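S.K.: what's the 3D shape of this:
(one chain, ligands or ions: 1)
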Amino acid sequence: MDTNMICPCCMEKHATKIVHRKESNIFKELLVEYDAQYSYCEQTKEIFEDENQISVNDISMKDAYREKKGLLKSSQISDIRSKYEISQSDLCILLGWGQKTITRYESHQVQDNAHDTILRKLDSDPEWFIELLNRSKDSLSPRAYSKCSSAARILFEKNHDNYLKSAIMSKYARFIHDPDSNGNKELSLGVVIDMIHYFANSEEVNSLYLVKLLKMLWYADSLSYKRYGHAISGLVYRSLPMGAVPVAYESIIDLSSIPSEMVDFGNGIGQRFIRNDYDSFPNLSREDMEVLDVVASRFGKTTTGTIIETMHNEESYKKTKNREVILYRYANMLSLS
Ligand SMILES: [Zn+2]
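M.R.: Just a heads-up that it's a prediction; the model follows:
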């Protein structure tokens, strides 16, 4: 509390301590618990709320309600707005909402479900934001327009990975309940990225070109399946003349967290995966890394030609028709153990 204000408990001017208390309250027929702050008068040993605290505590209570209902908290709404560098009233123009709507949502008014869904979509989809922004261009000041537009374009580029991830996950949707195709493991892109980093940073591996990498991923998943009854990544592989290739591999290797460079051979261009000195792989277990080590020491220094030839002798390859999914049931006959 401001020291120039008179304490309502003892009617004197003095500094007060801030104390926190767990409160519970019924809001819109829902019991919510939240952290409330009060001022404490040491003379009368009483607590009280000043005007600012009344407002802060009301927002805490409503945020607790929002959280329980799965709605964005008031601060999350203002975070979305600040990342696009748009004002409260301009955002209302973009969304076609009443002029004060966002201002109210960022404070005491709880948004309804429909508006919450729209705000979440806006948060995750800069491309959509840009579309709305362009539609409202004439209603915004040129300065506001160009500021939001450049913020959104930067986010759109950064968001590239999220678009790739949804493209990948949609291609894997049909395999989710098919353990013979995905090796009894739902696809985890975090795991795939860690596997590629692990190979790229291994001392046992050099010249990690695309075709060799894809084969090494397949060997690792198959060996894990043979040993433990489940693949490491959940990737689904198709059989091509050059061996196993994961579904949606073009999008996977395009993820920005996978460092690679293009190498010109004179008669064509190859993509080589390079070291980034990562030494922690949070998505891999000890067993996973042991499997990757076996694959790295077997194939890490071989040529692409050799690994393709080895793959051609695997039962998994011989039993699978061109372009069909390689089933994990054959992994038990894998040449590695
Ligand atoms: Zn007092």
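
S.K.: show me where the stretch 1-150 of the chain has its strands.
M.R.: 17-27, 30-41, 46-48 (DSSP state E, counting those that start in this stretch).

S.K.: wait, which of those strands is closest to residue 317?
M.R.: Closest to residue 317 of the strands of the stretch 1-150 of the chain, according to Cβ to Cβ: strand 30-41, at 58.1 Å. Every C-beta, even on glycine, is put in place using the N, C-alpha and C of the backbone.

S.K.: can you give me the buried ones in the closest one?
M.R.: Applying a neighbour-count criterion of 16 or more other Cβ atoms under 10 Å, one finds 32, 34, 36-41 buried in strand 30-41.

S.K.: if you count neighbours, what's buried in stretch 10-20?
M.R.: In terms of neighbour count (16+ other Cβ under 10 Å), stretch 10-20 has its buried residues at residue 16.

S.K.: now that stretch, how far from the chain's geometric center?
M.R.: 45 Å (Cα atoms, centre = their mean, to the nearest Å).

S.K.: which residues touch it?
M.R.: Identification of contacts with stretch 10-20 by Cβ atoms under 8 Å, 6 or more residues apart in numbering yields 1, 3-7, 35-44, 47.

S.K.: just stretch 288-295 next, same as before
M.R.: So stretch 288-295 is contacted by 191, 195, 198-199, 202, 204, 216, 219-220, 223-224, 227, 232, 281, 284, 336 (Cβ under 8 Å, 6+ apart).

S.K.: could I get the average pLDDT for that stretch?
M.R.: For stretch 288-295, the mean per-residue pLDDT is 98.

S.K.: list the buried residues for that stretch?
M.R.: Counting neighbours by 16+ other Cβ under 10 Å, stretch 288-295 gives 288-289, 291-292, 294-295 as buried.

S.K.: and those residues as JSON lines, adding secondary structure?
M.R.: Below are the buried residues of stretch 288-295 laid out as JSON lines (DSSP: H, G, I helix; E, B strand; the rest coil):
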{"residue": "288", "secondary structure": "helix"}
{"residue": "289", "secondary structure": "helix"}
{"residue": "291", "secondary structure": "helix"}
{"residue": "292", "secondary structure": "helix"}
{"residue": "294", "secondary structure": "helix"}
{"residue": "295", "secondary structure": "helix"}
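
S.K.: what is the burial count for the closest residue to the ion within the stretch 51-200 of the chain?
M.R.: Using Cβ to the ion, the closest approach of the stretch 51-200 of the chain to the ion is made by residue 53 at 14.8 Å. Residue 53 is flanked by 18 other residues according to other Cβ atoms under 10 Å.

S.K.: just checking, it touches residue 37?
M.R.: Yes - Residue 53 is within contact range of residue 37, at 5.6 Å (criterion: Cβ atoms under 8 Å).

S.K.: so who does residue 280 touch?
M.R.: Taking Cβ under 8 Å, 6+ apart, one finds nothing in contact with residue 280.

S.K.: for it, what is the enclosing helix or strand?
M.R.: Using DSSP states H and E, residue 280 sits within no helix or strand.

S.K.: picking that back up, out of the contacts of stretch 10-20, who's near the ion?
M.R.: With the criterion set as Cβ under 5 Å from the ion, the members of the contacts of stretch 10-20 near the ion are 7, 41, 43.

S.K.: which residues does the last one contact?
M.R.: Residues touching residue 43, when contacts are defined by Cβ under 8 Å, 6+ apart, comprise 7, 9-10, 12, 14.

S.K.: and if you look at the first one?
M.R.: Listed by Cβ under 8 Å, 6+ apart, the contact partners of residue 7 are 1, 13-14, 16, 39, 41, 43, 48.

S.K.: from the residues you listed, which two are the most distant?
M.R.: 13 and 48 (14.5 Å).

S.K.: for residue 112, give me phi and psi.
M.R.: Main-chain dihedrals, residue 112, degrees, to the nearest 10: phi -80, psi 170.

S.K.: what's the burial count for it?
M.R.: A total of 10 residues lie near residue 112 under the criterion other Cβ under 10 Å.

S.K.: kindly report the same for the one 3 residues further on.
M.R.: Applying other Cβ under 10 Å, we find 18 residues neighbouring residue 115.
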